[in-house]
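my questions are about this predicted structure, shown below with the sequence.
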Amino acid sequence: MIRPVLSVLAAAALLFGAPAACAADGPSLVVGLLLPPDEPEAVSIRQGTLAAAEEANEGPGPRVKVAVRGRMGAWGSDASEAALLVMDDGAGALIAPPSGAASHLVLQVSGRTGVPVASLCPDASVTRASIPWMVRVAPSTLDEARALFEGAAASRWLVFVPAGRAGREASRDLSAAAAAAAGKRSIERSVETDGSVTGAALRDLVFSVHPDAVLIWLDPVPAGRLARSLRMAGFAGSLAGPMRLASPAFAAEAGSSAEGLFVPVVAPEGDGVRAAFESRYRRLFGAAPGPAAAIANDAAKLLFDALKRGGAEGARRGFPPAERIRGATGLLAFDRNGNRLVTLQVRRYRDGHLVRG
């Protein structure tokens, strides 16, 4: 019973800072994390960021800490929370969440305050916002989908996306990726869902579209639920999904229905950084990290490094970073618009694990 209590205390120290140490070393450098309460991967993102703070505080230079905000409310609440991270919490850099709407609101705050941003959102629209001091650390939907379309031997696709703006953004990017993929790839139909479509309705949909493959562009739990429903409805073709399905949450929800599902992953570097991150994460939180935790860790690591080098002003001038940083998800390198330059490989689930081919 002692270890979980110590883990909670360690996380609290990372989140709010360690007063005694800060008094000795001077004020902390703060990275603000906007994390809406309804974000499905909120726990993993928070914990990945805290692991990066611990690592940063083991090295030389000023101490760092994480400030986290997010609350339920009307549209625009996220912008208020992001502004408070800068004005009240003293954040010198911000991490924007996977949600496209929330990410764009963070970018609005960044545009007015000049605070650098690392976004976890895969939407192509994020780096079109013309904020020169921002990067997208997550691989884009375009990159992920192109890898899947080229890695899976299927031409006719049925696509499931979330409802609302997130689904519209995903559908737009998926269509562009299908058009750009080598070979003939066509999205026959794109359906907005929360993963609950089942039974006769799902069978009728599959029968009417007659796809070679189904692309499940949802968060891990609803994606796992839909994968089970598709197999129960008799669909025997290929299944595929985004990198966030390379997670224990998806594998647990999908069970045997995950078998054979294609997922893109960042090509491993083999330099031990990923293993070190996983070891640290397990020690702090008693569980294996998923993709969301690893990407959040890399976003925080990038921002902590930039702030330690030159403070908020120096970090802003140095974005996008010219120097490559080795992270838990591979090399962190970006083009002039802040898009991550990344090589993705396609894996498949076999007996609950991701394997080649």
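Received the coordinates, thanks. Numbering: from 1, shown residues only.

could you list the low-pLDDT ranges of this structure?
1-27, 72-76, 270, 357 (pLDDT under 70).

so in it, which helix runs the longest?
In terms of residue count, the longest helix belonging to the chain (DSSP state H) is helix 291-317.

for it, buried residues please.
Buried residues in helix 291-317, counting neighbours by 16 or more other Cβ atoms under 10 Å, are found at 291-308, 312, 315-316. (C-beta placed from N, C-alpha, C; glycine too.)

give me the contact list for the helix or strand harbouring L142.
For L142, the host element (DSSP states H and E) is helix 141-151. Helix 141-151 has contacts (Cβ atoms under 8 Å, 6 or more residues apart in numbering) with 122-124, 157, 169-170, 173-174, 176-178, 180-183, 185, 215, 217, 240, 242-243, 262, 264, 342, 344-346.

one more pass at 6 Å, please.
Residues external to helix 141-151 that are found in contact with it (Cβ atoms under 6 Å, 6 or more residues apart in numbering): 122, 124, 170, 173-174, 177-178, 181-182, 185, 240, 242-243, 262, 264, 344, 346.

now do stretch 349-357
246, 251, 258-259, 261, 347.

go with 7 Å
246, 251, 258-261, 263, 265, 347-348 (Cβ atoms under 7 Å, 6 or more residues apart in numbering).

got it, and stretch 168-179?
Contact with stretch 168-179 is made by 100, 123-125, 141-142, 145-146, 149, 157, 159, 161, 185-187, 190, 217, as judged by Cβ under 7 Å, 6+ apart.

would you map the strands across the stretch 1-150 of the chain?
Taking DSSP state E, counting those that start in this stretch as the test, the strands found in the stretch 1-150 of the chain are 29-34, 64-69, 93-96, 117-119, 134-136.

packing partners for the second one?
The contact analysis (3 or more Cβ pairs under 7 Å, 6 or more residues apart in numbering; DSSP states H and E) places strand 64-69 against helix 2-16, strand 29-34, helix 42-58, helix 77-87.

run the chain-centre distance for the longest one.
In terms of Cα atoms, centre = their mean, to the nearest Å, the gap separating the centre of helix 42-58 from the centre of its chain is 14 Å.

same question, the second one
For strand 29-34, the gap between its own C-alpha mean and the chain's C-alpha mean amounts to 17 Å (Cα atoms, centre = their mean).

could I get that strand in PDB with only the CA atoms?
Taking C-alpha atoms only, strand 29-34 is exported to PDB below (Å, rounded to 0.1, in the frame of the first residue of the first chain):
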ATOM      1  CA  LEU A  29      10.100  27.200 -15.400                       C
ATOM      2  CA  VAL A  30       6.500  26.300 -16.100                       C
ATOM      3  CA  VAL A  31       4.900  24.400 -18.900                       C
ATOM      4  CA  GLY A  32       1.100  24.700 -19.000                       C
ATOM      5  CA  LEU A  33      -1.000  21.700 -20.000                       C
ATOM      6  CA  LEU A  34      -4.500  22.300 -21.200                       C
END
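
need the contact partners of the helix or strand just after the helix holding L142.
Note on helix 141-151: by DSSP H and E, the next helix or strand toward the C-terminus is strand 156-161. Contact with strand 156-161 is made by 167, 170-171, 174, 178, 185-193, 206, 209, 211-218, 226, as judged by Cβ under 7 Å, 6+ apart.

D271: what secondary structure?
When classified by DSSP: H, G, I helix; E, B strand; the rest coil, D271 comes out as coil.
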